[in-house]
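1. output the structure for:
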Amino acid sequence: MSSFKIFDIAASGMSAQSVRLNTTASNLANADSVSGDANAVYKARHPVFESVKAALAARSGAVPGAAVRVRGIMESQAAPEGRYEPGNPLANENGMIYSPNVNVIEEMTDMISASRAYQNNVEVMNTSKQLLIATLKLGQT
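-> Numbers count the residues shown, from 1 in each chain. Below is the predicted model:
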């Protein structure tokens, strides 16, 4: 395995965590939105990751090498929270409005976790770079 594959693996992890951060930010941005229709209210979204092993990637015709990739973005199936607010301009004919199924505490925890995972991949890249530079300097003296 080439010494440079570590950069590809770390970059795929950074890309995946970037998607995770973006979906979490979207969930947090829409946490306070409301709708008069339970089917039209925002639904929390979460990325689904999959690991790609080097041997499997080579057989499937994908770029060879281990990696992490986003398989898709799934919408939560949890029911939205309904509240009786007949004075709200978005309320339906029964006076109900619906809030998204976004748990702000879980989303903040997920954001911290994604941020740390991204930082860890950056550190992997920096450490690998420093080791490669140190290896190249071995011949100089």
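2. give me the pLDDT for the spatially most central residue of the chain.
-> What sits nearest the mean C-alpha location of the chain, by CA atoms, centre = their mean, is Arg20, with 1.0 Å. If you check Arg20, the pLDDT there is 96.
3. right, and it touches Ala114 too?
-> Yes: between Arg20 and Ala114 there is a contact at 4.2 Å, judged by CB atoms under 8 Å. Just so you know, the C-beta spots here come from the backbone N, C-alpha and C atoms, and that holds for glycine as well.
4. quick check: longest helix in the protein by residues?
-> What stands out as the longest helix in the chain, according to DSSP state H, is helix 104-137.
5. Val48: neighbour count?
-> As a burial measure, Val48 scores 9 neighbours (other CB atoms under 10 Å).
6. OK, contacts around it?
-> Shown in contact with Val48 (CB atoms under 8 Å, 6 or more residues apart in numbering): Val70, Arg71, Gly72, Ile73, Met74.
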